[in-house]
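J.: no letters, just coordinates:
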């Protein structure tokens, strides 16, 4: 997944917005104001920081030690830095992004979470 594909995929998820809250080089994707992905727009190292359930984060780091590392400048327990263009399975990149998004949505207030989940599970045609 290249940067344009990653951006398009992230923005396809309900209520997602992009911004540069830290600096002009770090693109952040948020749902309901909560970050679920961040990347350097220079795309030199072709990595993205993604939120991840702690047990799954460790599993990914063990399974793909050269491609998935503890989150750079992030809480290492809950974030991974993923060399997303190098993942061996095409669907794995989308799965990791979707997992990050869903994890953030699951922590939102109930009414907001339900509204987003309704859009996510049953999008308008």
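T.: Alright, I've got the coordinates. Worth saying up front: this structure is predicted, and the values here are computed from it rather than measured.

J.: the helices in this structure, which residues?
T.: 3-12, 54-63, 90-106, 110-121 (DSSP state H).

J.: quick one: neighbours of residue 43, just the number.
T.: Neighbour count of residue 43, defined by other C-beta atoms under 10 Å: 15. Yep, even glycine has a C-beta here, placed from its N, CA and C like the rest.

J.: would you list the phi and psi of it?
T.: Backbone geometry at residue 43, expressed as degrees, to the nearest 10, gives phi 60, psi 30.

J.: roughly how far apart are it and residue 30?
T.: 20 Å (C-beta to C-beta, to the nearest Å).

J.: now do the contacts for the residue lying closest to residue 79 once chain neighbours are set aside.
T.: Leaving aside its chain neighbours, residue 79 sits nearest to residue 71 (2.8 Å; criterion: C-beta to C-beta, 6 or more residues apart in numbering). Counting by C-beta atoms under 8 Å, 6 or more residues apart in numbering, residue 71 touches 49, 78-81.

J.: tabulate those (a markdown table), appending distance to residue 13.
T.: Shown next, in a markdown table, are the contacts of residue 71 (distance: C-beta to C-beta, whole Å):
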| residue | distance to residue 13 |
| --- | --- |
| 49 | 16 |
| 78 | 19 |
| 79 | 18 |
| 80 | 18 |
| 81 | 20 |
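
J.: now the angle from the helix or strand bottoming out on mean pLDDT in the chain to helix 90-106?
T.: Least confident helix or strand of the chain, by mean pLDDT, DSSP states H and E, is helix 110-121 with a mean of 86. Counting by axes from the mean of the first three to the mean of the last three C-alpha atoms, to 10 degrees, helix 110-121 lies at 160 degrees to helix 90-106.
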